[in-house]
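Novice: For reference, the sequence and a predicted model appear below.
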Amino acid sequence: MFFLVLGLSSTSVVAQQGEAAWVTDQFEITMRNGKGSRQTIVRMLPSGTRLEVIEVDKEEGYSRVRTRSGAEGWVLNRYLLRQPPARVTMPDVQAQLASSEAQRKQLAQELRDLQKDNATVKGQLGQAESSGDDLQRELARITALSSNTVKIDAENRQLKQTLAQTQQALEDAEAESRRLASRSNREWFVIGALVVIFGILVGLILPRIRWRKKSSWGEL
């Protein structure tokens, strides 16, 4: 079903039977009980009134219409338009514009929030990457220290083993010295010389062990 509007326009639109119409937004029009200006006025139709077209007389220039309340009568065809007047549609258009503007503002705010969140995430990502680099450097330093510690520990164990062997040799020499105590002075001289040599050897090894320990503690 088509909807028509009663109105003053440069081009009149003749409504078809079964269609609908509205009164123009420029003035009120008369609905009469018959075709012609001498017929009795049934009622005045204000602008924007919706009408249903029942019958069309193109020759006389009138259409029989019905209001929503059921009142019937005749109006001039030249006041019938196929679209509602601006007075009827304007509130809806304004409401749609207001709704569109509100949505635009909301979307703009959401966009600003997203941009702000994006900047925050980028900042956090940069901090995480920087922290990751620091952790990598710290891990490399600890790994290097651990490698040096293992090396120093191995050297210390080797020195301790050498010292133990030297101490064992000293004990063996002392035992041998006691066993040969009853021998001649020459034998005592030989034993004394061995003891002196061993003492020199111990004097050379012990400082080295102490230096290794100090070096290990300094690196740790």
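Specialist: Everything's here; your move.

Novice: if I read this right, Gly73 contacts Ser63, doesn't it?
Specialist: No. Gly73 is not in contact with Ser63 according to C-beta atoms under 8 Å; the separation is 9.9 Å. Just so you know, the C-beta spots here come from the backbone N, C-alpha and C atoms, and that holds for glycine as well.

Novice: So in the protein, where's the weakest helix or strand by average pLDDT?
Specialist: Within the chain, confidence by mean pLDDT, DSSP states H and E is lowest for strand 5-6 among all helices and strands, at a mean of 46.

Novice: Of Gly73 and Ser63, which one has the most company?
Specialist: Taking other C-beta atoms under 10 Å, Gly73 and Ser63 do not tie; Ser63 has more neighbours (28 against 23).

Novice: Number of residues surrounding the residue nearest to Asn33 when sequence neighbours are not counted?
Specialist: The shortest distance from Asn33 to any non-neighbouring residue, by C-beta to C-beta, 6 or more residues apart in numbering, is to Thr40 (4.8 Å). For Thr40, the count of nearby residues is 9 (other C-beta under 10 Å).

Novice: Pull up the per-residue confidence for Thr40.
Specialist: Looking at Thr40, its pLDDT stands at 94.

Novice: The one 3 residues further on now?
Specialist: At Arg43 the predicted local distance difference test score is 92.

Novice: what's the answer for Ser12, then?
Specialist: The predicted local confidence for Ser12 is 45.

Novice: One more: Asp113?
Specialist: pLDDT, read off for Asp113, is 87.

Novice: now the one 10 residues further on
Specialist: Model confidence at Gly123, expressed as pLDDT, equals 83.

Novice: before we move on, which element is it in?
Specialist: helix 86-179 (DSSP states H and E).

Novice: helices or strands next to that helix in the packing?
Specialist: Helix 86-179 is packed against helix 185-219, with contacts defined by 3 or more C-beta pairs under 8 Å, 6 or more residues apart in numbering; DSSP states H and E.
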